[in-house]
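Undergrad: okay, here's the prediction I keep looking at, along with the sequence it came from:
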Amino acid sequence: MLKTISIIGLGAMGTALANALIDAGNRTTVWNRTAARADALVARGAHRAETVGEAIAASDLIVLCLTDYVAVEATLAEVAPMLAGKTVINLTNGRPDEVRAVATRLGGHGARYLDGGIMATPPMIGTPDAFILYSGSSDAFETAQEQLAAFGQSHYLGEDPILAAVSDLALLSAMYGLFGGYLHATALAGSVGFTARQFLPLVEPWLAAMMTALPDYAERIDSGDHARDVMSNLAMQSAAISNIVATSRSQGIDPAFMEPIERLAQKRLAGGFGSDEISGIIKAMRGKED
Ligand code: FVH
């Protein structure tokens, strides 16, 4: 059983993680490039490491939470050999090529590497709504599982270290699609005088109702059958999408957010799939038309 944990990176998220570990009774060592960001945690009982090397030496379990992998590389450049025999959990957002490079390099130094994707905002950490995706060394996950429970629900996805990062980016893609759609809709409604507050009681229940379509879309995507029991065919939806793009332009709203979906819908229409559900657009996204 691991006795201490070191957190490297005390931005908004790293601070939330460190607070959750302290709340759960863990002996927690903290380090941040800008040292003052550790002050409040030290006041709550964390041990301040003066250097990254000191943070690594203090614990068998090292958690990294930095802006990006450039920061990870910069932080570990001098101290990577010190990670031999340690468990490293990297909760920094990154691309699969970056994850593989770091996993390979740290593995070469004898560290057990677990990559993670945090599906929560800082205030959610430590609540049942927070979940964290992990992939990489199953030994590392099993060893650290008890401590990781302080952050929220843990989902271990498998030995391939890129699984968590790609799943994290996929979920963020869904989130940015939602946010982008909401912002475009609010701009368009604003062009005829609605404030965002006035528009909210319309857009919020509409999005919630449309979310109920996802299980049906998932069935269609996995079966490849987008033609059965169609309620809202693509030809009809494509006409509406083009109306959105044209009306955005005429109302002085940049249609950039909606143009890609218009292009994909038209590609499917040109392929003869106008009577399918809109879920069939995924085939155009995958570049694997029927
Ligand atoms: N905050 C959020 O809502 C999201 C939720 C989902 C997960 N993300 C990911 O978490 C990583 C860290 O995000 P963050 O919110 O803590 O970010 P910041 O508050 O901006 O803090 C950044 C920390 O990174 C340190 N840092 C940056 N560059 C370097 C470097 N070259 N060398 C050493 N440290 C570096 C920075 O240090 P300092 O500026 O205070 O000295 C902060 O500790 C991130 O991957 C999100 O995608 C958060």
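TA: That came in fine, so what should we check first?

Undergrad: pull the number of nearby residues for Gly116.
TA: By other CB atoms under 10 Å, 29 other residues sit near Gly116. All C-beta atoms are positioned from the backbone trio N, CA, C, and that covers glycine.

Undergrad: cool, Gln266 as well?
TA: Counted by other CB under 10 Å, the residues lying close to Gln266 total 15.

Undergrad: what's the spacing between it and the ligand?
TA: To the ligand, Gln266 is 34 Å away according to CB to the nearest ligand atom, to the nearest Å.

Undergrad: do Gly14 as well
TA: According to CB to the nearest ligand atom, Gly14 stands 5 Å off from the ligand.

Undergrad: pull the number of nearby residues for that residue.
TA: Neighbourhood size, Gly14 [other CB under 10 Å]: 25.

Undergrad: contacting residues for it?
TA: Gly14 makes contact with 7-8, 32, 65-66, according to CB atoms under 8 Å, 6 or more residues apart in numbering.

Undergrad: helix/strand/coil for Leu106?
TA: At Leu106 the chain is in helix, as set by DSSP: H, G, I helix; E, B strand; the rest coil.

Undergrad: measure it to Asp68 for me?
TA: 17 Å (CB to CB, to the nearest Å).

Undergrad: name the SS class of Tyr113, please.
TA: Here Tyr113 is recorded as strand under three-state DSSP.

Undergrad: so it touches Asn90, yeah?
TA: Yes: between Tyr113 and Asn90 there is a contact under CB atoms under 8 Å: 7.3 Å.

Undergrad: tell me, what's touching those two both at once?
TA: With contacts defined as CB under 8 Å, 6+ apart, the residues shared by Tyr113 and Asn90 are Val102.

Undergrad: just want the phi and psi numbers for the residue of the chain found nearest the ligand.
TA: Closest residue of the chain to the ligand, CB to the nearest ligand atom: Gly11 (1.8 Å). Gly11 adopts backbone torsions of phi -80, psi -160, taken as degrees, to the nearest 10.

Undergrad: same thing with Asp139?
TA: With angles defined as degrees, to the nearest 10, Asp139 sits at phi -60, psi -40.

Undergrad: not counting its neighbours along the chain, what's nearest it?
TA: Sequence neighbours aside, Arg112 is the residue nearest to Asp139 in space, at 5.6 Å (criterion: CB to CB, 6 or more residues apart in numbering).

Undergrad: many thanks, I have nothing further to ask.
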